[in-house]
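K.L.:
Turn this into a model:
(one chain, ligands or ions: 1)
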Amino acid sequence: MVQEYEVIIIGGGPAGLSAGIFVARQKASCLLISKDLGGQMNLIPKLENYPGTMMSSGPLLAKTLESQFLSFSGEMIYDTVVMIEETEAGMKVKTSRSEYIGKSIVLAPGKVPNNLGVENESVLSNKGIHYCTKCDAPFYQGRVTATVGVGGYLLESGILLSRMASKVYLIYKGGTLGGDKDMIASIEKKENVQLIPQSSIKAISGTNNLQSITVVDNSGKETTLQVDGLFIEMGSKINLDFVKHLVKINQKGEIEISEGGKTIHPAIFAAGDATSIPYKQIIAACAGGANAGLSAFNYVERLKGRPGIRADWKKTMGDTVFHY
Ligand SMILES: Cc1cc2nc3c(=O)[nH]c(=O)nc-3n(C[C@H](O)[C@H](O)[C@H](O)COP(=O)(O)OP(=O)(O)OC[C@H]3O[C@@H](n4cnc5c(N)ncnc54)[C@H](O)[C@@H]3O)c2cc1C
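P.N.:
Presented below is the predicted three-dimensional model:
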């Protein structure tokens with residue numbers, strides 16, 4: 001028999017776990033399905049910008065959120081969702097091993113950063129190699145860095161690093177920089193930024209930490225640069241194949257959401273990096289997860305003919321329910 005839940009959440013990163021906490025705490029039956037615990041938080045050994053914690057790590061925060069979710073009787077399974085289908089009984093969630101029915105769904109599948117595919121890259125990840133400049137640039141105050149990537153990601157990375165690092169090598173394949181003209185003009189004026197066009201990274205070296213990178217240009221000439229940090233800004237992958245027939249996907253490949261994590265499907269809500277929010281950070285994913293979780297709970301309550309919970313707890317005059 002197919003197990004049924006009031007809310008099924010897809011994704012065990014900060015968005016999915018936060019949604020789970022808010023749903024399970026309302027005593028709704030809630031299943032969280034995820035490939036892993038923590039998602040991108042597993043790539044953050046030192047977490048400095050999550051409010052309320054002075055010194056934490058991504059995996060530690062993931063474990064804490066998981067414990068909090070389980071303490072409210074939320075259920076979690078490790079599996080991959082391969083398809084969601086609409087049925088008369090509710091939304092059918094097919095995983096690689098099983099099937100479940102949810103009255104409502106919260107999508108929080110996040111994203112995965114693209115890598116360079118160069119030897120030593122994964123070994124030196126977080127030991128000098130980084131995939132999120134806005135997250136990790138502050139660790140490189142006064143140090144020598146390089147950034148490699150594409151378009152706007154590369155420009156943003158170069159500008160952020162130039163404010164912190166003593167030197168920034170900006171490495172790109174084309175002959176000219178692509179992207180926003182004002183950002184290009186700003187980069188070209190920076191004295192601590194050295195442009196390295198028509199080039200790519202051939203090798204990454206270091207024993208315990210990154211020590212140098214070897215850059216090769218279009219003519220085949222190789223140059224070794226001593227750097228403390230390398231930022232890889234090649235964009236990221238969001239895989240929504242399992243749900244793309246049910247929600248609206250924007251040009252960036254993200255799920256379009258509106259207030260409360262609403263999608264165009266009345267039973268499906270979404271949060272976190274896989275959605276159209278501007279700032280892809282943990283605190284934003286947690287907040288989005290809380291919104292989407294409460295919206296999913298309210299949707300299920302309304303199916304039962306109940307009013308749901310108020311959007312604003314303190315409102316006393318002319319109380320309004322946040323309807324979906
Ligand atoms: C290197 C790096 C450093 C970062 N540093 C910081 C930082 O210092 N501070 C900060 O605030 N933010 C940081 N971020 C950004 C932050 O990690 C993300 O904004 C946040 O993790 C997004 O949360 P999420 O829950 O939306 O997605 P994710 O964290 O990506 O989690 C998505 C989850 O969904 C699961 N999933 C995906 N598809 C399926 C499927 N089909 N079936 C089942 N499960 C699925 C994944 O396995 C994963 O568990 C960093 C990101 C990176 C890459």
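
K.L.:
Going by C-alpha atoms from here, please, whenever you check contacts or count neighbours.
P.N.:
Noted.

K.L.:
where does the nearest residue to Arg302 once chain neighbours are set aside fall, helix, sheet strand or coil?
P.N.:
Leaving aside its chain neighbours, Arg302 sits nearest to Gly308 (6.3 Å; criterion: Cα to Cα, 6 or more residues apart in numbering). Put simply, Gly308 is coil when judged by DSSP: H, G, I helix; E, B strand; the rest coil.

K.L.:
same question, Leu155
P.N.:
Assignment for Leu155 (three-state DSSP): helix.

K.L.:
Could you verify my assumption that it touches Lys181?
P.N.:
No: between Leu155 and Lys181 there is no contact under Cα atoms under 8 Å: 10.1 Å.

K.L.:
Settle it for me: which of those two has more neighbours?
P.N.:
Neighbours per residue (other Cα atoms under 10 Å) separate Leu155 from Lys181, with Leu155 holding more: 24 against 10.

K.L.:
dump the residue contacts of that one.
P.N.:
The contact partners of Leu155, taken as Cα atoms under 8 Å, 6 or more residues apart in numbering, are Gly179, Met183, Ile184, Ile187.

K.L.:
likewise Arg97?
P.N.:
Counting by Cα under 8 Å, 6+ apart, Arg97 makes contact with Asp79.

K.L.:
what does the stretch 51-200 of the chain put close to the ligand?
P.N.:
79-82, 108-111, 113, 130-132, 135 (Cα under 6 Å from any ligand atom).

K.L.:
sorry, back to before: most neighbours among the contacts of Leu155, which one?
P.N.:
Ile187 leads the contacts of Leu155 on contacts (other Cα under 10 Å) with 21 neighbours.

K.L.:
Give the closest residue to that residue in space, chain neighbours not counted.
P.N.:
Computed as Cα to Cα, 6+ apart, the closest residue to Ile187 that is not its neighbour in sequence is Ile159, at 6.2 Å.

K.L.:
Same check on Asn218?
P.N.:
Asn218 sits nearest to Gln198 (Cα to Cα, 6+ apart), 5.7 Å away.

K.L.:
Can you verify my assumption that the one you found contacts Gly220?
P.N.:
No: look at Gln198 against Gly220 with Cα under 8 Å: they stay out of range, at 10.3 Å.

K.L.:
These two: which is more packed in?
P.N.:
Looking at Gln198 and Gly220 with other Cα under 10 Å, you find the greater number of neighbours at Gln198, namely 15 against 9.
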